[in-house]
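K.L.:
one predicted model, sequence on top.
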Amino acid sequence: MLSVILPSYNEEKMIPTAAERLASILEGAGIDYELLFVDDGSKDSTWKMIERSAENNSHIVGIHFSRNFGKESAMFAGLEKARGDCCAVIDCDLQHPPEKLVEMYRLWEQGYEVVEGIKEDRGRESGFHRFAANSFYGLISKATGMDMSSSSDFKLLDRKVVDTLNAMPERNVFFRALSYWVGYKQTSVSYKVQERTAGESKWSTRSLIKYALTNIASFSSAPLHIVTVLGFIMLAVAVVLGVTALVQKISGVALGGFTTVILLVLFSSSLIMICLGIIGYYIARIYDEIKGRPRYIISKTCGERENKA
């Protein structure tokens, strides 16, 4: 059985469309399935639409969070509740083409354990959004040593991969990087990002920046190495200025005065504050982990399969 996980946040207009289209495609291909809609604390009627869809289709399961915990938590909640032999993650707005699920499923039947959707393009988006996304993926690729420039959350995973991911204890997770990092037999399918037919994107510039910082910190220690690099830069500057000062002292030339000192203090203080900020952010991540709080809290569920489980 294929479990399809659909993280949903304020997607009341897309729930019926996604449910009907996915059911039609998978039934037409003769694939046994379940659709797990994970409502990430939506403020609109998303949950009502999920309940209504579950009443009309016994293959649909709904999971409702007590509040908004984020897309990563929603995906992992779906993975933990899924009962299929393989699991796929797809956006509820259907910008990931659902027709590709059949191709991914056939590759899984051939023995592949991770089938990743690779973007052929990023679809319509602003120049700033494109620049920010390319910068983030360039940074995370260098930090992790994996090419993530075209990666996405659109993946199909074998049950053993799902069990491996579910066994990981960390609270702050980065699904698309972890699913690559675990290894296993991997392949990919390419797709073009589709346009939304209803609703609007929930990603603001602020949320994207927060998403980038959280995932870089949760998956890589590269920013901490920046602190070391900055320390060596400051050491080199100090050595050069120290030698210059000694030469001027010996030669009897007057040393630079107040302006030079102020600039050096401002420069060094700025670097120190940046380093403290980076270290502090990682300490905050560690603090979140050691508290041991759950990734998410489920307030209610719906669907016949969920009730029978």
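P.N.:
Noted; the coordinates are in hand. Numbering: from 1, shown residues only.
K.L.:
what about the stretch 151-300 of the chain, any weak spots by pLDDT?
P.N.:
The stretch 151-300 of the chain contains residues with pLDDT under 70 at 151, 196-222, 225, 241-242, 245, 248-249, 252-263.
K.L.:
try 90
P.N.:
Applying pLDDT under 90 to the stretch 151-300 of the chain picks out residues 151-155, 159-300.
K.L.:
from V173, how far out is the residue lying closest to F65 once chain neighbours are set aside?
P.N.:
If the residues on either side of it in the chain are set aside, F65 comes closest to G41, at 4.6 Å by C-beta to C-beta, 6 or more residues apart in numbering. Placement of C-beta: from N, CA and C, glycine included. Counting by C-beta to C-beta, to the nearest Å, the gap from G41 to V173 is 18 Å.
K.L.:
which residues of the stretch 151-300 of the chain fall in helices?
P.N.:
Taking DSSP state H, counting those that start in this stretch as the test, the helices found in the stretch 151-300 of the chain are 159-166, 175-181, 205-219, 222-251, 258-291.
K.L.:
how about these in JSON lines, adding distance to Y33?
P.N.:
Output for the helices of the stretch 151-300 of the chain, formatted as JSON lines (distance: least, C-beta to C-beta, whole Å):
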{"stretch": "helix 159-166", "distance to Y33": "14"}
{"stretch": "helix 175-181", "distance to Y33": "20"}
{"stretch": "helix 205-219", "distance to Y33": "29"}
{"stretch": "helix 222-251", "distance to Y33": "39"}
{"stretch": "helix 258-291", "distance to Y33": "35"}
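K.L.:
as CSV, those helices with mean neighbour count and distance to M1 would be great.
P.N.:
Output for the helices of the stretch 151-300 of the chain, formatted as CSV (neighbours: other C-beta atoms under 10 Å; distance: least, C-beta to C-beta, whole Å):
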stretch, mean neighbour count, distance to M1
helix 159-166, 17, 10
helix 175-181, 20, 20
helix 205-219, 16, 30
helix 222-251, 12, 39
helix 258-291, 12, 33
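K.L.:
please name whichever of those helices is nearest to E120.
P.N.:
Of all those, helix 175-181 sits nearest to E120, with 16.8 Å by C-beta to C-beta.
K.L.:
counting by contacts, list what the closest one packs against.
P.N.:
In terms of contacts (3 or more C-beta pairs under 8 Å, 6 or more residues apart in numbering; DSSP states H and E), helix 175-181 is packed against helix 71-81, strand 114-121, helix 127-144, strand 155-158, helix 159-166, helix 205-219.
K.L.:
for V229, see how far away the residue nearest to F65 is.
P.N.:
40 Å.
K.L.:
count of residues packed around the residue nearest to F65?
P.N.:
For G41, the count of nearby residues is 20 (other C-beta atoms under 10 Å).
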